[in-house]
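>>> take this sequence and fold it.
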Amino acid sequence: MLVLVAPGQGAQAPGFLTPWLDVPGVHDRLRRWSEVTDLDLVHYGTAADAEEIRDTAVAQPLLVAAGLVAADVLFGHLADAASCVGAAAGHSIGEFTAAAVAGVLTPESALTLVGERGRAMAAATDAGRGAAPTGMTAVLGGEEGEVLAALERHGLTPANINGAGQIVAAGTADQLAAFAADPPPKARLRPLSVAGAFHTQHMTPAVDALRQVAAVTPVAEPEIGLLSNRDGAVVRKGTDMLARLVDQVSAPVRWDACMRTMGELGVSAIIELPPAGTLAGLARRALPGVEILALKTPDDLEAARVLVAAHATTVGDCDHEPEWRLLVAPLAGTFQADSIPIGTSVERDKAIGRVVARREEQPVAPPYDGTLVEWLVEDGDPVSAGQPLVRIQPQVVVA
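Numbering: from 1, shown residues only. Have a look, this model is predicted:
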């Protein structure tokens, strides 16, 4: 069984998206998602420095967009991933990537939620708003019981229990300084480049803000196994996953439990989406015998596709071309449709309509050539972000 995993905050590095822009369609996709997030994702993924992409409000949408655009390239269309993948899991913010891969959220809905999550978490760490300085430190090695006892002694939270001998401590700057002066035996400490104590009670205000946006977010049922950071459980309901995504902002990430579930499910291969490396390293230590690939650049795509073909959940499914795909609203507003009759051929990246909001409008365009099968809304209808607008039958390209 193939499992797709998506990394969390801290995995990003300056310029990590640069090689992906040479892949046809990636630049245009990132530009459209930049409009959804109100961030220049191309700039932040290619030209921004480490301090710029350390900003929580930037890093989180950037990571999710990177994972989704790479999955789209790997499988031909993001919607086809479920035909090949047995399960998906993401670390912290990567859970939103996994939820979109599993079909629970559209990419646009995922990015809308992530944008709010990043802004709310950044606000919760803003000293100008009265927040105490907080941070996170990775604890590498040591005996787990002794590490957890040391965290408790200093009032710290085990915000990430990653398995393979890695726990991440989170708390105030003063607590972390005291912990550094009194570390657990045989453990190495590495401060993390994050803006605050994520996945702790310090993030409670962000949970409240995210819950308001989640309340109006459409969800679907998972098409594949979707693992939760809360406890490693396989989540079967879209509404359950959305609630977990919200609560996880202030709750510890149990990546060790996610990897344990992967083993119980019979995982035979894992592909980590970009910026890849961290989760692949943990899996190599925790899941011996499993084939693992870190999809870092387009140079890794050929090897990734070989792995997909060898470990796809159902042999042959990855070559199946679905009869139609949905285009969804990139934001909430009023839909304005172009006069295109059913049965008309449509071109890749050519707008067939637009969604107009009070302050902006965004085009609706298929990311592939195809035929318009059915309008699901009418010209002038109000729509919500992620709402299906039209069915398109993709053009089958014969190699």
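
>>> now tell me what touches stretch 42-55 from outside.
Residues outside stretch 42-55 that contact it (CB atoms under 8 Å, 6 or more residues apart in numbering): 12-18, 20-21, 27, 30-31, 34, 58-59, 62, 65-66, 122, 193-195. C-beta here means a position set from N, CA and C on the backbone, and glycine is covered the same way.

>>> list the backbone torsions phi and psi for residue 334.
When read as degrees, to the nearest 10, the backbone of residue 334 gives phi -110, psi 130.

>>> distance of the residue nearest to it when sequence neighbours are not counted from residue 336?
Among residues not flanking residue 334 along the chain, residue 356 sits closest, at 5.1 Å (CB to CB, 6 or more residues apart in numbering). Counting by CB to CB, to the nearest Å, the gap from residue 356 to residue 336 is 6 Å.

>>> please parse this structure into its domains.
Listed by automatic domain parsing, the domain ranges of the chain are 2-125+201-319, 129-191, 325-394.

>>> now do the strands in the stretch 201-350 of the chain.
Listed in chain order, the strands found in the stretch 201-350 of the chain under DSSP state E, counting those that start in this stretch are 225-227, 234-235, 269-272, 291-294, 325-328, 333-337, 345-346.

>>> list the strands paired with the longest one, with their directions.
The one in question is strand 333-337. If you go by DSSP bridges, strand 333-337 pairs up with strand 353-356 (antiparallel), strand 382-383 (antiparallel).

>>> possible to save the ones you listed as CSV with distance to residue 157?
Listed next are the strands paired with strand 333-337 as CSV, based on distance: least, CB to CB, whole Å:
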stretch, distance to residue 157
strand 353-356, 41
strand 382-383, 41
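
>>> right, and these - which one's nearest residue 223?
Residue 223 sits nearest to strand 382-383 of all the strands paired with strand 333-337, at 23.0 Å, using CB to CB.

>>> give me the helices and strands touching the helix or strand following that closest one, please.
The helix or strand immediately downstream of strand 382-383 is strand 388-394, counting by DSSP states H and E. If you count contacts as 3 or more CB pairs under 8 Å, 6 or more residues apart in numbering; DSSP states H and E, strand 388-394 packs onto strand 325-328, strand 370-375.

>>> quick one on the thing from earlier: rebuild the strands of the stretch 201-350 of the chain as TSV, extending it with mean pLDDT and distance to residue 388.
Listed next are the strands of the stretch 201-350 of the chain as TSV, based on pLDDT from 0 to 100; distance: least, CB to CB, whole Å:
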stretch	mean pLDDT	distance to residue 388
strand 225-227	96	20
strand 234-235	94	22
strand 269-272	97	28
strand 291-294	97	33
strand 325-328	78	4
strand 333-337	94	11
strand 345-346	94	16
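
>>> quick one, which of those strands is nearest to residue 279?
Closest of these to residue 279 is strand 269-272, at 4.8 Å (criterion: CB to CB).

>>> contacts for that closest one?
The contact list for strand 269-272 (CB under 8 Å, 6+ apart) reads 1-7, 74, 262, 278-280, 283, 287, 290-295, 304, 307-308, 310-311.

>>> what about stretch 149-164, average pLDDT?
For stretch 149-164, mean pLDDT rounds to 94.

>>> export that stretch to PDB, keeping only CA atoms.
Taking Å, rounded to 0.1, in the frame of the first residue of the first chain, the C-alpha atoms of stretch 149-164 are listed here in PDB:
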ATOM      1  CA  ALA A 149       9.600  14.200  32.800                       C
ATOM      2  CA  ALA A 150      12.100  17.000  32.000                       C
ATOM      3  CA  LEU A 151       9.400  18.800  29.900                       C
ATOM      4  CA  GLU A 152       6.900  18.600  32.700                       C
ATOM      5  CA  ARG A 153       9.500  19.800  35.200                       C
ATOM      6  CA  HIS A 154      10.000  23.000  33.200                       C
ATOM      7  CA  GLY A 155       6.300  23.500  32.300                       C
ATOM      8  CA  LEU A 156       6.800  22.700  28.700                       C
ATOM      9  CA  THR A 157       4.400  20.800  26.300                       C
ATOM     10  CA  PRO A 158       5.400  17.900  24.100                       C
ATOM     11  CA  ALA A 159       3.900  19.600  21.100                       C
ATOM     12  CA  ASN A 160       5.200  17.000  18.600                       C
ATOM     13  CA  ILE A 161       5.900  13.300  19.500                       C
ATOM     14  CA  ASN A 162       7.400  12.300  16.200                       C
ATOM     15  CA  GLY A 163       8.800   8.900  16.900                       C
ATOM     16  CA  ALA A 164      12.200   7.600  16.000                       C
END
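
>>> re the thing from before, pick the most buried one from the strands paired with strand 333-337.
A comparison of those by mean neighbour count, using mean count of other CB atoms under 10 Å, puts strand 353-356 on top with a mean of 19.

>>> starting at the chain centroid, how far to it?
26 Å (CA atoms, centre = their mean, to the nearest Å).

>>> I'd like the next helix or strand past that strand.
Downstream of strand 353-356, the first helix or strand assigned by DSSP H and E is strand 361-364.

>>> return the helix or strand in this structure with minimum mean pLDDT.
Across the helices and strands of the chain, mean confidence by mean pLDDT, DSSP states H and E is lowest for strand 325-328: a mean of 78.
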